[in-house]
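Undergrad: okay, predicted coordinates and the sequence, questions at the end:
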Amino acid sequence: MSAKILVVDDDKFLLENLDRLLSAQGYEVRTSSSGEEGLHEIVKEAPDLLVLDLGLPGVDGVSLCRRVRSKWRFPVIMLTARTDAMDKVIGLEVGADDYLTKPFEPSELIARVRAQLRRVQEYQVETPRSARIEVGDLMIDEDSRDAFVNGEAAGLTTKEYELLAYLAQNKGRALSRERLFEEVWGYDIEFSSNSLDVFVYRLRQKLPGNTGTMLQTVRGYGYKLQTP
């Protein structure tokens, strides 16, 4: 079954081109030209992936992404015509998994779409390894794709879960930023210097008490999940 992709952008010309581009790759594509219409489409049938413009009129991309993350966990790729790094950080803070700055090459979008869908599919495939990883009071559960601290769910997004799970699989080891980008995002993403920090910050906020402090910064290198 082909993956279902919803594209939300108020640029009708871009919307039509992305519809053709993604459909040609075998994806089942729906399009919306406003945040309100996009939310209606999501409620009607949640997609496997959302491509979302940041600068929508009315209900903008940030507001829509925040609403999506309050209920759904499918990956979100944010599109932005702005070059300000803070706009990208804001998109990540509200739950986007990746972003592209307009204008972009069609091949770049396709690569990122494939990477996001591949990561989701990989976690859905049954493997012989344990479906749970425990580090101190922290338990990471592959079946629910969430983390639990003393039995309380953290409510992680897709990328937050995948980042934490990868750190937990390598607990006690310092992992470079480059390796985290490649292993978690599926390719060598050129994030701004503080984009990974945003994801780590969100994880620390969602892991209460001393659990959040186990996620340590390795200055000038990357991060590690330190065992208690």
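TA: Thanks, I have the structure now.

Undergrad: other residues contacting the one helix or strand residue 5 maps to?
TA: Assigned by DSSP states H and E, residue 5 falls within strand 4-8. Applying Cβ atoms under 8 Å, 6 or more residues apart in numbering, the external contacts of strand 4-8 come out as 15, 18-19, 22, 27-35, 37-38, 41-42, 45, 47-53, 56, 61, 64, 113. From N, CA and C alone the C-beta is placed, and that goes for glycine too.

Undergrad: and the helices in the protein, which stretches?
TA: 12-24, 35-44, 61-69, 85-93, 106-124, 158-169, 177-180, 195-206 (DSSP state H).

Undergrad: pLDDT-wise, which helix or strand of the protein ranks last?
TA: In the chain, no helix or strand scores lower on mean pLDDT, DSSP states H and E than helix 85-93, which sits at a mean of 71.

Undergrad: contacts for stretch 98-109?
TA: Counting by Cβ under 8 Å, 6+ apart, 14, 18, 21, 51, 54, 75-83, 88, 91-92, 112, 115-116, 159, 185, 189 sit against stretch 98-109.

Undergrad: same thing with stretch 63-76?
TA: 8, 35, 38-39, 42, 46-50, 52, 56, 78, 91, 94-98, 116-117, 119-120, 145, 157-159.

Undergrad: average pLDDT for that stretch?
TA: Mean pLDDT, stretch 63-76: 89.

Undergrad: for that stretch, measure first residue to last.
TA: 13 Å (Cα to Cα, to the nearest Å).

Undergrad: wait, what's in contact with the most centrally placed residue in the chain?
TA: Note on the chain: the residue nearest the mean C-alpha position is residue 97, at 2.2 Å, using Cα atoms, centre = their mean. Residue 97 is in contact with 75, 76, 77, 116, 157, 158, 159, counting by Cβ under 8 Å, 6+ apart.

Undergrad: hang on, the fifth one packs against residue 94?
TA: No. Contact status for residue 157 versus residue 94: not in contact, 9.6 Å apart, counting by Cβ atoms under 8 Å.

Undergrad: next one: residue 98 from residue 137, what distance?
TA: 31 Å (Cβ to Cβ, to the nearest Å).

Undergrad: what about the two, which has more around it?
TA: For residue 98 versus residue 137, neighbours defined as other Cβ atoms under 10 Å are more numerous around residue 98 (22 against 17).
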